[in-house]
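Q: Sequence first, then the predicted structure:
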Amino acid sequence: VTVPRDMLLDRYGQVAEDGTYSSPIEGDSRRFFTMLGTLVRGRVSVGGAASAATKSALAIAVRYGDIRRQFDTPDADREVLLNDYLAHQRKLLPALATTYALHFAQAELVNALSEVQGGEGPVDEHRQRELESRAAGLKAAQTWHATRTIQTCREACGGAGYLAENRLPSLKADTDVFTTFEGDNTVLLQLVAKGLLTGYRDE
């Protein structure tokens, strides 16, 4: 398919009919970071989706652990609830605490995005760079956490964790791509490191 020249996504760089490249943005580095800035909203959205899936998985696993009983209790007629086992708590509770922390970090990031990119005037370049770093780092943290936690929840539910009706297999399948979607997590952390080092140098 030949894409008409006037339909190209060429806001920051154009290729003329003779193959000559031009851009209204001076300097390779500045152009690169300007183009990266367009990906911020996608990264914020992917991180938020990963967190939402993690919350769902934890809700399923914690509720299951509160009704599922396994093995006899000494001097009692009933078996022990899964959530009463320390090993089970050590699987789910740290993941639950981390999910709360990431939830609040995501809310702060969304507010920062609205402040930096929501106005009519020119974008503050320093705040834009900071926003890009925060979005990249948080997206990596949220998506890796989702991958680990959903698998942990699946295992914490035993055989029930593999049944499609309990939603954990679909949550795992739907979120697995997030670690590389909208930027590979390892590369995103390199972006964060570069931002921190540049900030340190400037200071």
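A: Perfect, I can see it now. This is a predicted model, so every value here is computed, not measured.
Q: neighbours around Leu138, how many?
A: 23 (other Cβ atoms under 10 Å). In short, each C-beta sits where N, CA and C put it, glycine included.
Q: pLDDT on the one helix or strand it maps to, on average?
A: In this assignment (DSSP states H and E), Leu138 forms part of helix 125-156. In this model, helix 125-156 has an average pLDDT of 93.
Q: That helix: which residues count as buried?
A: Within helix 125-156, the residues that count as buried by 16 or more other Cβ atoms under 10 Å are 128-129, 131-143, 145-147, 149-150, 152-154, 156.
Q: Ok, stretch 9-18 next?
A: Neighbour-count burial for stretch 9-18 flags no residue at all (criterion: 16+ other Cβ under 10 Å).
Q: The helix or strand harbouring Pro94 to helix 125-156, inter-axis angle?
A: Assessed by DSSP H and E, Pro94 sits inside helix 86-117. In this structure, helix 86-117 runs at an angle of 160 degrees to helix 125-156, with axes from the mean of the first three to the mean of the last three Cα atoms, to 10 degrees as the basis.
Q: and helix 86-117, average pLDDT?
A: For helix 86-117, the mean pLDDT works out to 95.
Q: elements contacting that helix?
A: Taking 3 or more Cβ pairs under 8 Å, 6 or more residues apart in numbering; DSSP states H and E as contact, the helices and strands that helix 86-117 lies on are helix 40-65, helix 125-156.
Q: Dump the ones you listed into TSV; add distance to Val110 as well.
A: TSV is the format used below for these (distance: least, Cβ to Cβ, whole Å):
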stretch	distance to Val110
helix 40-65	6
helix 125-156	10
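Q: Out of those helices, which is closest to Arg30?
A: Taking Cβ to Cβ as the measure, the helices and strands packed on helix 86-117 were each checked against Arg30, and helix 125-156 came out nearest at 8.9 Å.
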